[in-house]
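A.B. asks: I would like the atomic coordinates for the input below:
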Amino acid sequence: MADQGLPSSRMSADGEKAASVRVESAERSESGESAPVQMQDDVPDGGTVAWLQVLGSYFVFMDTWGIVNSYGAFQRIYEDTLPNSPSTIAWAGSIQGFTLLLVGCLSGPIYDRGYFHALVVPGAFLTFFGMLMTSFTTKYYQILLAQGICMGIGMGLIYIPCVAVLASYFRRRRAFALGIAAAGSGSGSVIFPTILYQLQPAVGFAWATRAIALIILVTLLLMLAIVRRRAIPTPTERRKLFDKTAIRDVPYVLFTVALFLGFMGSYVPFFYISPYTSARSSASTTLAKYMVPILNAASIPGRIFPNIAADYIGCLNTMAPCVLACAILILTWTAIQGVGGLIAFTLLYGFFTGTFVSITNAALVSLTDDPRIVGTRLGMSFTCAGFGILIGNPVAGALINLETGSFVKMQIFGGVLVMASAILFTAARVAKVGVAFKAKI
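C.D. replies: You can find the predicted model right below:
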């Protein structure tokens, strides 16, 4: 939704150490925790080892938010094979994304205290094991436990530490490096649904899911082999999980509420574009199934190029109009029934939603003046975002009328939420720097 997640990217890095600290803390894409503060002036900013960290983080994005954003493909199969309603089935995917964010917020402080392999090794195992166990499921509660909770915990344990490690290897080229890594989520959410749809008719759901589990196992083993922490932090105090001063920070509060509403509404197309295409258009069954991979493929450039633009015009200045574009697209979705129009909607929405999730952390960092509390505030904000993912898609599913094939209430629900999110992001920007058009924020 997610794809789900998690969900991230990065911003400009000037030579000033204060800005460097902020950005280091911000490398918690789609989820949100701070990397250990590293003030060294010998940041590689390239080289074989540094780019191997990009590759390792690419695999992590692929196996975390790539899986979350692929849940729409699983949802379609579950709706055909289980007696449960779409709203009930959506809870498994929502819980997966929520658990990823929640565990990520808890794993951040543990990572900051020097524990890396103690997090990523069990996390990699749980991610693989959860998908493997999904292949044996026959009932909904089993899917909820394996795909929702087990995988969600595993993803939360590996996501934050690996993104934090990557942050320590880049400074000037950080936005570019994080953009490439974040593109892994788009790649995963194209690859995994395609494998599922291609293999499921031939060998069955169980073996198709095991093939996905094997890919997860291989890529995460490669990640464990190549990702290396640059330095062990020596924190002088425990990082707080809650910052009381944030409640009085108007731009931060507006941003966090916007994030909650945005995550609640923005994943609706990821979950329901395929059922809508089948029910409301003349598209073939095959095309309807592949709408989710098409949407996710379009998000790949949306996770790379806007990150680079944000280095020049500001993260929030880039993010707010892109979220507004997402809202307009969801609302216009109500009038689209032709195949060409749906494909155009899917491509455009995929691009802009990629921007939405990829620079969220960077935008939040730009709103925080004290680098010592950036990590805490990221964790607080993304915990709220996790609750948005948790409740948004099941509520949207409950608004679908399968008897009449009406999806309009679901579409309006998602569109209004994302529109409110865009308005609040803009309000946060105004509250921080005023109405100055050229202010970089």
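A.B. asks: make it CA atoms for all contacts and neighbour counts henceforth
C.D. replies: Will do.
A.B. asks: point out where the stretch 301-441 of the chain drops to low pLDDT.
C.D. replies: 371-372, 374-375 (pLDDT under 70).
A.B. asks: which residue ranges of it form helices?
C.D. replies: Counting by DSSP state H, counting those that start in this stretch, residue ranges of the helices within the stretch 301-441 of the chain are 305-313, 315-332, 339-358, 360-366, 374-398, 408-433.
A.B. asks: what comes up buried for the third one?
C.D. replies: Burial within helix 339-358, assessed by neighbour count using 16 or more other CA atoms under 10 Å, is assigned to 339, 342-343, 345-358.
A.B. asks: distance to Leu119 added to the helices of the stretch 301-441 of the chain, as CSV?
C.D. replies: Formatted as CSV, the helices of the stretch 301-441 of the chain follow (distance: least, CA to CA, whole Å):
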stretch, distance to Leu119
helix 305-313, 28
helix 315-332, 30
helix 339-358, 23
helix 360-366, 22
helix 374-398, 17
helix 408-433, 33
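A.B. asks: so which of these gets nearest Thr134?
C.D. replies: The closest of those to Thr134 is helix 374-398. By CA to CA, the value is 19.8 Å.
A.B. asks: orientation of the closest one relative to helix 408-433 in degrees?
C.D. replies: Inter-element angle recorded for helix 374-398 and helix 408-433: 160 degrees (by axes from the mean of the first three to the mean of the last three CA atoms, to 10 degrees).
A.B. asks: centre of the chain to helix 374-398, how far?
C.D. replies: Distance of helix 374-398 from the chain centroid (CA atoms, centre = their mean, to the nearest Å) equals 11 Å.
A.B. asks: that one - contacts with which helices or strands?
C.D. replies: helix 17-26, helix 86-112, helix 250-266, helix 268-280, helix 360-366, helix 408-433 (3 or more CA pairs under 8 Å, 6 or more residues apart in numbering; DSSP states H and E).
A.B. asks: of the ones you listed, which approaches Ile215 most closely?
C.D. replies: Nearest to Ile215, of all those, is helix 86-112, at 18.9 Å by CA to CA.
A.B. asks: list the buried residues of the closest one.
C.D. replies: By neighbour count on 16+ other CA under 10 Å, the buried set for helix 86-112 is 86-112.
A.B. asks: and what of stretch 72-79?
C.D. replies: Quick answer for stretch 72-79 (16+ other CA under 10 Å): Gly72, Ala73, Phe74, Gln75, Arg76, Ile77, Tyr78, Glu79.
A.B. asks: residue boundaries of the helices in the stretch 51-200 of the chain?
C.D. replies: Under DSSP H, counting those that start in this stretch, the stretch 51-200 of the chain gives helices at 65-68, 71-81, 86-112, 117-134, 140-143, 151-167, 174-203.
A.B. asks: adding distance to Ser284 and mean pLDDT, write those out as JSON lines.
C.D. replies: Formatted as JSON lines, those follow (distance: least, CA to CA, whole Å; pLDDT from 0 to 100):
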{"stretch": "helix 65-68", "distance to Ser284": "25", "mean pLDDT": "92"}
{"stretch": "helix 71-81", "distance to Ser284": "15", "mean pLDDT": "89"}
{"stretch": "helix 86-112", "distance to Ser284": "21", "mean pLDDT": "87"}
{"stretch": "helix 117-134", "distance to Ser284": "28", "mean pLDDT": "95"}
{"stretch": "helix 140-143", "distance to Ser284": "28", "mean pLDDT": "94"}
{"stretch": "helix 151-167", "distance to Ser284": "32", "mean pLDDT": "87"}
{"stretch": "helix 174-203", "distance to Ser284": "14", "mean pLDDT": "87"}
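A.B. asks: Val418 is nearest to which of the ones you listed?
C.D. replies: Comparing the helices of the stretch 51-200 of the chain against Val418 with CA to CA, the closest turns out to be helix 86-112 (17.2 Å).
A.B. asks: I'd like to know which elements that closest one is packed against.
C.D. replies: By 3+ CA pairs under 8 Å, 6+ apart, helix 86-112 packs against helix 65-68, helix 71-81, helix 151-167, helix 374-398.
A.B. asks: how far is it from where the chain is centred?
C.D. replies: Counting by CA atoms, centre = their mean, helix 86-112 comes out at 11 Å from the chain centroid.
A.B. asks: that one to helix 268-280, inter-axis angle?
C.D. replies: Using the same axes, to 10 degrees: helix 86-112 against helix 268-280 is 160 degrees.
A.B. asks: quick one, helix 86-112 and helix 117-134 angle?
C.D. replies: Helix 86-112 and helix 117-134 are oriented at 160 degrees to each other (the same axes, to 10 degrees).
A.B. asks: taking helix 151-167 as reference, get the angle to helix 86-112.
C.D. replies: Using the same axes, to 10 degrees: helix 86-112 against helix 151-167 is 40 degrees.
A.B. asks: ok so, going back, which one of the helices of the stretch 301-441 of the chain lies nearest to Leu222?
C.D. replies: Closest to Leu222 of the helices of the stretch 301-441 of the chain is helix 339-358 (CA to CA; 23.8 Å).
A.B. asks: which residue comes closest to Ile412 once chain neighbours are left out?
C.D. replies: Closest residue to Ile412 apart from its sequence neighbours, by CA to CA, 6 or more residues apart in numbering: Leu331 at 6.1 Å.
A.B. asks: what of Tyr111?
C.D. replies: Nearest in space to Tyr111, with sequence neighbours left out and distances taken as CA to CA, 6+ apart, is Pro161 at 6.2 Å.
A.B. asks: hmm, that neighbour is touching Val120, no?
C.D. replies: Yes. Pro161 is within contact range of Val120, at 7.3 Å (criterion: CA atoms under 8 Å).
A.B. asks: more neighbours: which of the two?
C.D. replies: The neighbour comparison of Pro161 against Val120 (other CA atoms under 10 Å) goes to Pro161, with 32 against 25.
A.B. asks: is it correct that Asp283 is in contact with Thr277?
C.D. replies: Slight slip there: residue 283 is Ala, not Asp. Yes. At 6.6 Å, Ala283 counts as touching Thr277 under the criterion of CA under 8 Å.
A.B. asks: what sits in contact with each of these two?
C.D. replies: Jointly contacting Ala283 and Thr277 under the rule CA atoms under 8 Å, 6 or more residues apart in numbering are Val339.
A.B. asks: and the two? which has more neighbours close in?
C.D. replies: Set Ala283 next to Thr277 and count neighbours by other CA under 10 Å: Thr277 wins out with 23 against 17.
A.B. asks: mind telling me what element the closest residue in space to that one that isn't next to it in sequence is part of?
C.D. replies: Leaving aside its chain neighbours, Thr277 sits nearest to Ala288 (5.4 Å; criterion: CA to CA, 6+ apart). Using DSSP states H and E, the element containing Ala288 is helix 285-289.
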